[in-house]
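Asks: Show me the folded form of this:
(chains A and B)
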Amino acid sequence: MIIRRFKELGEIRIIGLNKEIKGNKVLRDINIEMSKGKIYGFYGRNGSGKTMLFRAVSGLIKPTSGEIFVFGKKLGRDTSFPENLGLIIENVGFWSQYTGFWNLKYLASIRNIINDEEIRSAIKRVGLNPEDKKIYKKYSLGMKQRLGIAQAIMERPELIILDEPTNALDSEGIDLVRNILLEEKDRGALIMIASHNKEDINLLSDEKYMMDNGSLFSELGEGQ
Amino acid sequence: MRNFIYKICLAATISIIIGMYAINLMRIENNTSLEILYIIGYGGLFSFDFDSNIFGFLRVLVPQFLLVFLLAEYMYSDFKICSVYVFTRANRRHSWFLKKFFSLLIITLVYYVVQFVILLVMGVLSGFSPERFDVFVRVVISSLVLHVLIAFILVCVANLLSLKVGINFGYMCVIIFNTVMIMTPSVTYGLFDNSIIIKILPGSNGMLLGHSDNFVKVISDKFGFDTLEGFSVSFSIIYLITIIIVLFYIGSKLIEYLDIINDNKEV
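Replies: Purely as a prediction, here's the structure:
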């Protein structure tokens, strides 16, 4: 019954979310509903609160007040982190002394729902070579970003949260990532992307939101 | 792996230095008892008198500080090394903390087992043997348990502080706290009856000497080490375990409400 109600209302519901860090309000009364099979774009200048909002939805920070429901579960009560989440937040970081495949294999071992072949397939999908023996430290910025995207999508998550997914990518890489996001959307994933690149947001998003000073506004400029 | 071997080598080096000190002291006394060798090496302070304790303080504090130094960033490193990817793949923060907490306990145990085994090997090779086997077993087990518990408390405090205030500050706090804790009974020695202070401070509970159990008194009386009436090893073990349970509770709460906002860094 509860699950059905959430399906009616949206798979992600954020109600009255506020976050204060060291006296600064970084998120102010955020209210939004999101559904699967759509891409939600968030744009705004640096420090506007995009990343904090993504951290809150990912369970990485605790709301000062308000509630976040992800697929029917309340974060902080029913689960600490959204189940089935693929995520990139800001800088992509991995274990630098190991190969890309090793890094993804290690992360995949935590949930243990995909096999080596599926990891290789995710690496190929972002245009990298899974057999490459180069350690992560030797990767270019673009390769690091691609590997980050591979780890976010490799387990076919229902919720994909990507903060600046096209950072450090060349035009070919940007096209590749855009295509991957559209494929993931068609698969039924709920995708949240943040970008300072308005073109990414315009091309990919089904719904667009602007963030400013911790507040969320719809594309039309209406407070949510 | 290289990091692990380096840590084991450091633990072994400390153990060899303590072993050499204890063996030399025993040779001066012309004694080849293995249980007394352990008491000299890992029994703690021989006396609560400050003046006779300068090397004693180092013997107690250095192995503990080394362990805390080696493990102070054990929990924090998960925040430093792609915390975002690791944490969001675990459903519960509690399960992560539980795993880390018990891993720390196991590592602390291994650290002291390595040290105790090295002392045993050094002692046997130097011609030492148990005078009374039952006393030897009790000395070794009690001393090992007390060392592991007190060191685990220090390591836990350092790790929890590192999550809240950073590694360096957390480590410094533990060093100062432990030094004060170990030295306080010696500073107050002779000024007033400090038996309550000794029983309350976790540091003195973590040292075998000073306890009034028969197997400790047999040795303490013979060598003139201080003992405190009504201060049993079992009391200390229960007391230290209680502190660990409280730390676990505080740690669980801390982890539950901790914001994970450190940027990912390559390691």
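Asks: Where does residue 60 fall, secondary structure wise?
Replies: Defaulting to chain A. Following DSSP states H and E, there is no helix or strand that holds A:L60.
Asks: Can you look at chain B instead?
Replies: According to DSSP H and E, B:V60 maps onto helix B:54-71.
Asks: ok, and what's touching that helix?
Replies: By C-beta atoms under 8 Å, 6 or more residues apart in numbering or on different chains, the surrounding residues in contact with helix B:54-71 are B:7, B:10-11, B:14-15, B:18, B:21, B:41, B:44-47, B:104, B:107-108, B:111, B:115, B:150-151, B:154-155, B:158-159, B:171, B:174-175, B:178-179, B:182-183, B:186, B:203, B:207. Where C-beta positions appear, they are placed from N, C-alpha and C, glycine not excepted.
Asks: List buried members of those by neighbour count.
Replies: Listed as buried from those are B:7, B:10-11, B:14-15, B:18, B:41, B:44-47, B:104, B:107-108, B:111, B:115, B:150-151, B:154-155, B:158-159, B:171, B:174-175, B:178-179, B:182-183, B:186, B:203, B:207; burial here means 16 or more other C-beta atoms under 10 Å in any protein chain shown.
Asks: From these, which land in helices?
Replies: Among the buried ones among the contacts of helix B:54-71, the ones falling in helices (DSSP state H) are B:7, B:10-11, B:14-15, B:18, B:41, B:104, B:107-108, B:111, B:115, B:150-151, B:154-155, B:158-159, B:171, B:174-175, B:178-179, B:182-183, B:186, B:203.
Asks: Just the pLDDT at B:V62, thanks.
Replies: Per-residue pLDDT puts B:V62 at 87.
Asks: try the one 10 residues further on
Replies: What the model reports for B:A72 is a pLDDT of 84.
Asks: I'd say it and B:V165 touch.
Replies: No - at 11.8 Å, B:A72 does not count as touching B:V165 under the criterion of C-beta atoms under 8 Å.
Asks: Give me the more crowded residue out of the two.
Replies: Neighbours were counted for B:A72 and for B:V165 using other C-beta atoms under 10 Å in any protein chain shown; B:A72 has more, 23 against 12.
Asks: And the more buried one, how close does it get to B:Y257?
Replies: B:A72 sits 22 Å away from B:Y257, going by C-beta to C-beta, to the nearest Å.
Asks: Identify the single longest helix in chain A, thanks.
Replies: Using DSSP H to define each element, chain A has its longest helix at helix A:171-187.
Asks: anything in the next helix or strand after that helix near chain B?
Replies: Per DSSP H and E, the first helix or strand lying C-terminal to helix A:171-187 is strand A:190-194. No - judged by C-beta under 8 Å from any C-beta of the partner chain, strand A:190-194 stays clear of chain B, getting no closer than 13.5 Å.
Asks: Tell me the helices and strands packed up against strand A:190-194.
Replies: strand A:39-43, helix A:50-57, strand A:159-163, helix A:171-187, helix A:198-204 (3 or more C-beta pairs under 8 Å, 6 or more residues apart in numbering or on different chains; DSSP states H and E).
Asks: can you put these in JSON lines and add mean neighbour count, mean pLDDT and distance to chain B?
Replies: JSON lines is the format used below for the helices and strands packed on strand A:190-194 (neighbours: other C-beta atoms under 10 Å in any protein chain shown; pLDDT from 0 to 100; distance: least, C-beta to the nearest C-beta, whole Å):
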{"stretch": "strand A:39-43", "mean neighbour count": "22", "mean pLDDT": "95", "distance to chain B": "17"}
{"stretch": "helix A:50-57", "mean neighbour count": "24", "mean pLDDT": "94", "distance to chain B": "6"}
{"stretch": "strand A:159-163", "mean neighbour count": "25", "mean pLDDT": "95", "distance to chain B": "9"}
{"stretch": "helix A:171-187", "mean neighbour count": "16", "mean pLDDT": "94", "distance to chain B": "17"}
{"stretch": "helix A:198-204", "mean neighbour count": "16", "mean pLDDT": "87", "distance to chain B": "21"}
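Asks: Out of these, which is closest to A:E131?
Replies: helix A:171-187 (19.2 Å; C-beta to C-beta).
Asks: check contacts around B:S204.
Replies: Contacts of B:S204 by C-beta under 8 Å, 6+ apart are B:G44, B:M181, B:I182, B:P185, B:I198, B:G210.
Asks: ok, the spatially closest residue to B:V114 that is not a sequence neighbour to chain A distance?
Replies: Leaving aside its chain neighbours, B:V114 sits nearest to B:A11 (5.3 Å; criterion: C-beta to C-beta, 6 or more residues apart in numbering or on different chains). Distance, B:A11 to chain A, using C-beta to the nearest C-beta, to the nearest Å: 24 Å.
Asks: Go ahead and confirm B:A11 touches B:Y111.
Replies: Yes - assessed by C-beta under 8 Å, B:A11 is found in contact with B:Y111 at 5.3 Å.
Asks: ok, back up a step: just how off-centre is the longest helix of chain A within its chain?
Replies: 14 Å (C-alpha atoms, centre = their mean, to the nearest Å).
Asks: quick one: low-confidence parts of the chain?
Replies: In the absence of a named chain, chain A is used. Applying pLDDT under 70 to chain A flags residues A:1-10, A:91-92, A:220-224.
Asks: ah, no, chain B please
Replies: B:1-4, B:48-53, B:79-82, B:91, B:189-190, B:262-267.
Asks: who are the neighbours in contact with the residue nearest in space to the middle of chain A?
Replies: What sits nearest the mean C-alpha location of chain A, by C-alpha atoms, centre = their mean, is A:I161, with 1.0 Å. Shown in contact with A:I161 (C-beta under 8 Å, 6+ apart): A:F54, A:V57, A:S58, A:L85, A:G86, A:L87, A:I88, A:I89, A:A152, A:I191, A:M192, A:I193.
Asks: now do 10 Å
Replies: Going by C-beta atoms under 10 Å, 6 or more residues apart in numbering or on different chains, A:I161 touches A:40, A:53-55, A:57-58, A:82, A:85-89, A:152, A:190-194, B:84, B:88.
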